[in-house]
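>>> When you get a sec, could you give me coordinates for this:
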Amino acid sequence: MVGSVLNNRFELRDHVGHGGTGAVFRTWDRRLERIVAVKVLEPETVHDDPRAPERFRAEALIVKDLDEHPGLVTIFDTSIPATVARMRSSPF
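Presented below is the predicted three-dimensional model:
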């Protein structure tokens, strides 16, 4: 997926992590000209669990509501199959 562009906006530059439902990429936001993190839902996850996109979006909404915690990301956008965020003290 590195090298892909999502929604003609987000350039996936480096793979930085992987979890139970998806992969996280260091990403260039072409519109806002900044580095962000993008979590992409794995196709296998959707194949194995058709409700995964719904839970993926719900996770983003929960994290958005916990916006004041310094250890959590700030959610900028959620569009299946990806969520765009930035750490408060970003390593990016």
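>>> Wait, G22 touches F56, no?
Yes - contact criterion Cβ atoms under 8 Å: G22 and F56 qualify, at 7.3 Å. Heads up, the C-betas are built off the backbone N, CA and C, glycines and all.
>>> Buried residues in stretch 21-39, which are they?
21-29, 35-39 (16 or more other Cβ atoms under 10 Å).
>>> Next: stretch 42-49.
Neighbour-count burial for stretch 42-49 flags E42, T45, V46 (criterion: 16+ other Cβ under 10 Å).
>>> Just the residues contacting it, thanks.
If you take Cβ atoms under 8 Å, 6 or more residues apart in numbering as the criterion, stretch 42-49 is touched by T21, G22, A23, A52, P53, R55, P81.
>>> can you pull up the bridge partners for the nearest residue to the third one once chain neighbours are set aside?
If I follow you right, that is A23. The shortest distance from A23 to any non-neighbouring residue, by Cβ to Cβ, 6 or more residues apart in numbering, is to V40 (5.4 Å). With DSSP bridges applied, V40 shows beta-bridge pairing to A23, A82.
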